[in-house]
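>>> Only the shape, not the letters, is given here:
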């Protein structure tokens, strides 16, 4: 059975399991698995293998939606070589950067030659470094990415739930010592920071020791407004930013269908509406291409109700932004790329100042790098690994 068919079969088996574990009484069905339940495991694909791992397992576990529904999610668990310490492994849960919202964009669905493989594997340098230091790593795909349902792109609460629930599922699979750090890159940086939200319920018996965010996107509403009047598509910069803007609109529509109705009823231009279905089919690199959203000049993105759509979307972005979070009193490390066009360092440093005003201990790593390469062995990985290990050993 090839990998695609196996994923379909596993999805069906998971649906049966979710139903089977909800006993029926005279009063109706009782709750099934709680969020954080490990449903099953399978062998990880070729592109999910990371040098230095003694074991790499694809996991299917439960998380929850904004509406409170318990749904399946997927991810990876990577364990260092050798025998587990007597107390168990320390753990880092790492959130990946934006790959898209189509199921084929889930990192666990990667294949050799996949157009999104670079971003799927962008966290491999950090993962290798942590494994070599004796730290287990868990990597969620996020809600609705690679599993039934839609991915609420860049919605912080959903991202945070996906990470916390994977901690609980990982504990059911491998021995852990109870200490963990949330880490992530770009969208994953948003996920990691949302884990530390004071309102977030964490896993009993597991102590969050710190938060590490690599080029976390912030103040995206500023970029959306700045992008809007540009009259031409300038590859590759505007292509990726227009594609990200489309993903943001779609991500908000997952949790608020009124956004999609507005987008398709005059909020977007006819050309943009014709591209809408591609968001569920293509990954970010493909969406940023000239034959997709990347070929659309920012000024031609919106329709007659465009101002209304921009107002709704930017208001939600501002409300959901990581700068609005009230974090737990934990050490925080943030990496910024000084030539980052997606998460400009000026906005990142504003975020750092915001957190320091909350009284948080924030370490800032500055790197002469762009958005992706900041998270690599050539730049932040060595310093980030040392900081993470220091938190796990406190």
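Cool, got the structure. Since the model is a prediction, treat every value here as computed from it, not as a measurement.
>>> Please, where are all the helices along the stretch 51-200 of the chain?
Residue ranges of the helices in the stretch 51-200 of the chain, as given by DSSP state H, counting those that start in this stretch, are 117-120, 124-132, 156-171, 187-195.
>>> mind putting those helices in a markdown table, mean neighbour count, mean pLDDT and distance to residue 345 included?
Quick note: C-beta positions are derived from backbone N, CA and C, even for glycine. Formatted as a markdown table, the helices of the stretch 51-200 of the chain follow (neighbours: other C-beta atoms under 10 Å; pLDDT from 0 to 100; distance: least, C-beta to C-beta, whole Å):
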| stretch | mean neighbour count | mean pLDDT | distance to residue 345 |
| --- | --- | --- | --- |
| helix 117-120 | 20 | 98 | 20 |
| helix 124-132 | 22 | 98 | 20 |
| helix 156-171 | 24 | 98 | 21 |
| helix 187-195 | 29 | 98 | 14 |
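>>> which one of those helices lies closest to residue 347?
Residue 347 lies closest to helix 187-195 among the helices of the stretch 51-200 of the chain, at 12.4 Å (C-beta to C-beta).
>>> Which residues does the very next helix or strand once past the closest one contact?
For helix 187-195, the succeeding helix or strand toward the C-terminus, using DSSP states H and E, is strand 207-214. Strand 207-214 has contacts (C-beta atoms under 8 Å, 6 or more residues apart in numbering) with 178-186, 188-190, 192-193, 195-196, 202, 322, 327-328, 330-335, 374-375, 380, 384, 387-388, 391-392, 394.
>>> again, only using 7 Å
Applying C-beta atoms under 7 Å, 6 or more residues apart in numbering, the external contacts of strand 207-214 come out as 178-185, 189, 192-193, 195-196, 202, 330-335, 374-375, 380, 384, 387-388, 391-392, 394.
>>> contacting residues for the nearest residue to residue 76 once chain neighbours are set aside?
Of all residues not flanking residue 76 in the chain, residue 139 sits nearest, at 4.4 Å (C-beta to C-beta, 6 or more residues apart in numbering). Residue 139 makes contacts with 75, 76, 94, 96, 107, 123, as judged by C-beta under 7 Å, 6+ apart.
>>> domain assignment for this structure?
31-218+327-392, 220-319 (automatic domain parsing).
>>> Any stretches of this protein with poor pLDDT?
Within the chain, the stretches with pLDDT under 70 are 1-31, 227-237.
>>> Strands of that one, start to end?
24-25, 28-29, 38-43, 53-64, 70-80, 89-95, 136-140, 176-185, 207-214, 332-337, 362-367 (DSSP state E).
>>> want to try TSV for the ones you listed, with distance to residue 344 as columns?
Putting the strands of the chain into TSV (distance: least, C-beta to C-beta, whole Å) gives the following:
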stretch	distance to residue 344
strand 24-25	54
strand 28-29	49
strand 38-43	39
strand 53-64	31
strand 70-80	30
strand 89-95	20
strand 136-140	26
strand 176-185	16
strand 207-214	15
strand 332-337	9
strand 362-367	13
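>>> so which of those strands comes closest to residue 266?
Nearest of those (C-beta to C-beta): strand 70-80, 32.0 Å.
>>> Count the residues that sit near residue 378.
12 (other C-beta atoms under 10 Å).
>>> do residue 257 as well
10.
>>> Would you quantify the distance from it to residue 265?
In this view, residue 257 and residue 265 are 12 Å apart by C-beta to C-beta, to the nearest Å.
>>> Same question for residue 87.
For residue 87, the distance to residue 265 (C-beta to C-beta) stands at 57 Å.
>>> Residue 295 now?
23 Å.
>>> Kindly report the same for residue 179.
50 Å.
>>> got it, and residue 39?
In this view, residue 39 and residue 265 are 39 Å apart by C-beta to C-beta.
>>> The two: which has the busier surroundings?
A direct count of neighbours by other C-beta under 10 Å for residue 39 and residue 265 places residue 39 higher, at 19 against 13.
>>> Kindly state the beta-bridge partners for the spatially closest residue to the more buried one that is not a sequence neighbour.
The shortest distance from residue 39 to any non-neighbouring residue, by C-beta to C-beta, 6+ apart, is to residue 60 (4.5 Å). According to DSSP bridges, the residues that bridge with residue 60 are residue 40, residue 74.
>>> I'd assumed residue 75 was in contact with residue 60.
No: under the contact definition of C-beta atoms under 7 Å, residue 60 does not touch residue 75, with a separation of 8.3 Å.
>>> For these two, indicate the residue with more neighbours.
residue 75 (31 against 25).
>>> contacting residues around the more buried one?
59, 108, 138, 139, 140, 141, 166.
>>> From those residues, pick the one nearest residue 243.
Within these, proximity to residue 243 (C-beta to C-beta) peaks at residue 141, which comes in at 19.4 Å.
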